[in-house]
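Asker: pasting the structure only:
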């Protein structure tokens, strides 16, 4: 049986700041940026800076079934693919994406709350 890697510790280190930034997001664009920044930060820890990540590589997509998309370019890299398949990284990214997608839906349902935050 192949060894399974876990990145839950890394997730736990950055989840507090992520939740705080999500709660302070005033628009769906802020939520998307927060998600991309956080997943990039996670990947930086996981791959120890050996994988270049662009903002377009990880995108929040609340309309999709997974709530996010990862660019094919990353899957073409053997280092990324082996970690992605042999770890809990997809579940960790899914949890971040689910939180962000829920925040997007809330902001879309209640735009008046967003407007009141901006005026303060």
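Answerer: Done, it's in. Everything quoted here is computed from the prediction, not taken from an experiment.
Asker: so residue 95 is in which element?
Answerer: helix 89-109 (DSSP states H and E).
Asker: For that helix, name the packing helices and strands.
Answerer: Of the remaining helices and strands, those touching helix 89-109 by 3 or more C-beta pairs under 8 Å, 6 or more residues apart in numbering; DSSP states H and E are helix 8-24, helix 28-46, strand 58-60, strand 68-70. All C-beta spots, glycine's among them, are computed from the backbone N, C-alpha and C.
Asker: now with 6 Å?
Answerer: The contact analysis (3 or more C-beta pairs under 6 Å, 6 or more residues apart in numbering; DSSP states H and E) places helix 89-109 against helix 28-46.
Asker: list the buried ones in the helix holding residue 95?
Answerer: 89, 92-93, 95-97, 99-101, 103-104, 107 (16 or more other C-beta atoms under 10 Å).
Asker: Quick one: mean pLDDT for that helix?
Answerer: Over the span of helix 89-109, the pLDDT mean works out to 95.
Asker: just checking, residue 60 touches residue 35?
Answerer: Yes. Between residue 60 and residue 35 there is a contact at 4.3 Å, judged by C-beta atoms under 6 Å.
Asker: any residues in contact with both of those two?
Answerer: By C-beta atoms under 6 Å, 6 or more residues apart in numbering, residue 60 and residue 35 have these common neighbours: residue 100.
Asker: These two: which is more packed in?
Answerer: residue 35 (29 against 23; other C-beta atoms under 10 Å).
Asker: picking that back up, got the buried residues of helix 89-109 as a markdown table, with distance to residue 66 columns?
Answerer: Listed next are these as a markdown table, based on distance: C-beta to C-beta, whole Å:
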| residue | distance to residue 66 |
| --- | --- |
| 89 | 13 |
| 92 | 13 |
| 93 | 9 |
| 95 | 11 |
| 96 | 11 |
| 97 | 7 |
| 99 | 13 |
| 100 | 12 |
| 101 | 9 |
| 103 | 16 |
| 104 | 14 |
| 107 | 20 |
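Asker: Pick out whichever of those sits closest to residue 53.
Answerer: residue 93 (12.2 Å; C-beta to C-beta).
Asker: check contacts around the closest one.
Answerer: Applying C-beta under 6 Å, 6+ apart, the residues near residue 93 are residue 39.
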